[in-house]
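Asker: Next comes the sequence, and after it the predicted model I'd like to discuss.
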Amino acid sequence: MPEKRYTVYYDGKVEEGRDPAAVRAELARILTLTAEEAELLPMDEPTVVAGNVDKDTAMGLRISMLRAGAAVTVKATEMEEGKQPAAEGPWKTIACPHCGTRQMPARECKHCGQSMKKKQA
């Protein structure tokens, strides 16, 4: 039976009255992005920030991002075993070479903490 997984989207909007630069900086902290990576966060269109995650992870990320002042959407999907969600948004997600979690490009996996560089043979 397919397992229910979740995709978290940053909607590209900032809560009214919040400073977009401050929201971007807080999102960078939450998503463990470098300053350069955070600058790639579009402030006007939806972006996948985490895909193929469990409910607790998705809801925790949603709450953190909402507190930061970002508009967030979480969508549930039933994944077939071994399949990954397609990226929807301006970035294509990548799979961690260690655990397979799909996510935005980053230095370290948000799920397992390993380097996103390919495993050495």
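Answerer: Structure's in. What do you need? Residues are numbered from 1 along each chain as shown.

Asker: C-alpha only now, for contacts and for neighbours.
Answerer: OK.

Asker: Tell me where this protein has strands.
Answerer: With DSSP state E, the ranges of strands along the chain come out as 3-14, 47-53, 70-79, 94-95, 102-103.

Asker: Is it possible to get CSV of those strands that adds mean neighbour count, distance to His111 and mean pLDDT?
Answerer: Listed next are the strands of the chain as CSV, based on neighbours: other CA atoms under 10 Å; distance: least, CA to CA, whole Å; pLDDT from 0 to 100:
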stretch, mean neighbour count, distance to His111, mean pLDDT
strand 3-14, 20, 14, 87
strand 47-53, 24, 9, 84
strand 70-79, 17, 17, 86
strand 94-95, 18, 11, 74
strand 102-103, 25, 9, 72
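
Asker: could the ones you listed be laid out in a markdown table, adding distance to Thr32?
Answerer: Below are the strands of the chain laid out as a markdown table (distance: least, CA to CA, whole Å):
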| stretch | distance to Thr32 |
| --- | --- |
| strand 3-14 | 15 |
| strand 47-53 | 11 |
| strand 70-79 | 16 |
| strand 94-95 | 15 |
| strand 102-103 | 12 |
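
Asker: gap between the two ends of stretch 13-27?
Answerer: Start and end residues of stretch 13-27 are separated by 12 Å (CA to CA, to the nearest Å).
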